[in-house]
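[1] Everything below, folded, please.
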Amino acid sequence: VQLQASGGGLVQAGGSLTVSCAASGTIFSINNMGWYRQAPGEQRVLVALLRGDNSTRYSDSVKGRFTISRDSAKTAVYLQMSSLKPEDTAVYYCNMALQKRPGDVLGAYWGKGTLVTVSS
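    Predicted coordinates for the structure are as follows:
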């Protein structure tokens, strides 16, 4: 299983950007999908979570500005970011909890990360 993240880049404060993450390989089902970020010198933290029941959870710092969604095939997850701030600058990582085969325990898989830089 591979998660390929894309869409990062340089954007001015107040701007918008969407990052994407697509899963490929042997996958039976995907449960939770999420985006985390890690700023220089800091720990990786949860930004947004999309659960299997379609409920969502956002960190307080991005609530109202970021939106997590997935495609109809449920193999890709997106993070739409608006009203970006310099403090949103970080490497963004996607995460999926999935089963490779029926009956498997859910495993956590990570993408390699995509850098988002917000200039002031």
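
[2] can you confirm residue 87 is in a strand?
    No. Secondary structure of residue 87 (DSSP: H, G, I helix; E, B strand; the rest coil): helix, not part of a strand.

[3] Against residue 40, how distant is it?
    Distance from residue 87 to residue 40, counting by CB to CB, to the nearest Å: 12 Å. In short, each C-beta sits where N, CA and C put it, glycine included.

[4] How about residue 66, nearest residue that isn't a chain neighbour?
    residue 81 (5.1 Å; CB to CB, 6 or more residues apart in numbering).

[5] same check, this time on residue 6
    residue 20 (5.4 Å).

[6] who has more neighbours, residue 87 and residue 40?
    Ranked by neighbour count (other CB atoms under 10 Å), residue 87 and residue 40 place residue 87 first, with 11 against 7.

[7] What's the separation between that one and residue 23?
    Look at residue 87 and residue 23: by CB to CB, they are 29 Å apart.

[8] Then residue 15?
    In terms of CB to CB, residue 15 sits 28 Å off from residue 23.

[9] Those two: which is more packed in?
    Neighbour count, other CB under 10 Å: between residue 15 and residue 23, residue 23 has more, with 21 against 13.

[10] in a helix, that's where the more buried one is, yeah?
    No. Residue 23: not assigned to a helix; according to three-state DSSP it is strand.

[11] so who does residue 51 touch?
    Contact partners of residue 51, counting by CB atoms under 8 Å, 6 or more residues apart in numbering, are 31, 32, 57.

[12] So which of those residues wins on neighbours?
    That'd be residue 32 among the contacts of residue 51, by other CB under 10 Å, with 18 neighbours.

[13] Look at that residue and report its pLDDT.
    Residue 32 is assigned a pLDDT of 96 by the prediction.

[14] unless I'm mixing things up, it is touching residue 96, no?
    Yes. The criterion here is CB atoms under 8 Å, and residue 32 meets it with residue 96 at 7.1 Å.
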